[in-house]
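Engineer: after the sequence you'll find the predicted model.
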Amino acid sequence: MKKSRLLLLFIPIILGIIAVTLVLSENRQSTPQNNDASESVTPEKVTIVTTLFPLYDIAKQLAADTGDVSLLLPPGVEPHSFEPTPKDITTIQNADVFIYTGNEMEPWVADIVATLPSSVIVVDASKNITLIEGEEHSHDHGGKDDHAHDKEEKNHEDHTLDPHFWLDFSNTITATNTISEALASLNTFDNTTLTTNTTNYIQQLQNLDARYSTTLGTCKNRTIVQAGHRTFGYLAKKYNLEYVTTEELSPNSEPSAQDIANLVKTIRAENAQAVFSEELIEPRIAETVSNETGVPILMLNGAHNITQAQFESNTSFITIMEDNLKNLRSGLSCD
Ligand SMILES: [Zn+2]
């Protein structure tokens, strides 16, 4: 009896010791975290979420080791019809920086911006860039009916702006500056490093533009004929090339027989040496055109998104554009 009473007396003491131990261990766990935050010796990486590959690549080049950059699009996914999942929206809400291409490319962004916490810096990469009209696609040369058709099409697409601004490298440079300014506003980056990274990347884009300008200035064929959607309007405009495609500004799974016939007709009329295909789709239309005309198929990659294999091999925007230049040189008979 005495022993059990003694035991009862000890129970509150034992419980007290357990409680004190728990409180102490909790404090011990949280203390180092508090120290990390206050000393900011090893700050957490800045979380940057991007929508398209060119923006992803720019952010990676600028943020380097300080950024945890991700691409919202899964590898290989076509971006024009992309809609974010609830999980994607959570990813954006938890980001430090969210970079999107613009309202033309991602109309869904306007709906979610209001739902984002004020901690998320939202960057419209097309800021300070003049988008070109997207209706310059010429279906046919000559013919009264075709002229009427073009006119009708122009009216229909009066307000359609071309979202593919990154295919004029001076725009890519403007977007690089916009992204750099947004990162600088976070005060997380070492400003000297950020400035150096920005300058280096802009230099690479300027060199790329110079190589394009030199090479494309010498082409004997001056019409890019592409079985795909109208992606390279900026590039064609910049380097004074004509551009004919099967589809308009976003991919269409079923281009019309007339659009395909128009491509064949253009290849024959311009004595074109190649039909260009586009990335991330089966080149069925390009094959049809190639079979019909006997010209080879060459890839012209708009760099909207990349494949899993390209992710794993660290493909960059610059390397994609260098491959494009090789194919343009070959397909347009340039020096
Ligand atoms: Zn596109």
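Structural biologist: Received the coordinates, thanks.
Engineer: excluding chain neighbours, what is closest to Thr266?
Structural biologist: Closest residue to Thr266 apart from its sequence neighbours, by C-beta to C-beta, 6 or more residues apart in numbering: Val244 at 4.8 Å. In short, each C-beta sits where N, CA and C put it, glycine included.
Engineer: measure Leu73 to Gln204 for me?
Structural biologist: Distance of Leu73 to Gln204, given as C-beta to C-beta, to the nearest Å: 23 Å.
Engineer: mind checking which of these two has more residues around it?
Structural biologist: Shown here are Leu73 and Gln204; by other C-beta atoms under 10 Å, Leu73 has more neighbours (20 against 17).
Engineer: ok, Ile260 - contacts?
Structural biologist: Ile260 makes contact with 227, 246, 285, 288-289 under the criterion C-beta atoms under 8 Å, 6 or more residues apart in numbering.
Engineer: what's stretch 166-181 in contact with?
Structural biologist: For stretch 166-181, the surrounding residues in contact (C-beta under 8 Å, 6+ apart) are 52, 54-55, 58-59, 62, 99, 101, 123-129, 165, 194-195, 198, 201-202, 205-206, 208-209, 212, 231-235, 237-238, 302-303, 317, 321.
Engineer: quick one: the residue nearest to Thr266 is in a strand?
Structural biologist: Yes: with DSSP: H, G, I helix; E, B strand; the rest coil as the criterion, Val244 is part of a strand.
Engineer: any of the contacts of Ile260 buried? List them.
Structural biologist: 227, 246, 285, 288-289 (16 or more other C-beta atoms under 10 Å).
Engineer: of the contacts of Ile260, closest to Glu133?
Structural biologist: In terms of C-beta to C-beta, no member of those lies closer to Glu133 than Thr246, at 19.3 Å.
Engineer: quick one: the nearest residue to Lys238 once chain neighbours are set aside from Ser126, how far?
Structural biologist: Here the nearest residue to Lys238 in space, its sequence neighbours aside, is Asp168; by C-beta to C-beta, 6+ apart that works out to 4.9 Å. To Ser126, Asp168 is 12 Å away according to C-beta to C-beta.
Engineer: same check, this time on Asn94
Structural biologist: 24 Å.
Engineer: which one's more surrounded, the two?
Structural biologist: Neighbours per residue (other C-beta under 10 Å) separate Asn94 from Ser126, with Ser126 holding more: 22 against 14.
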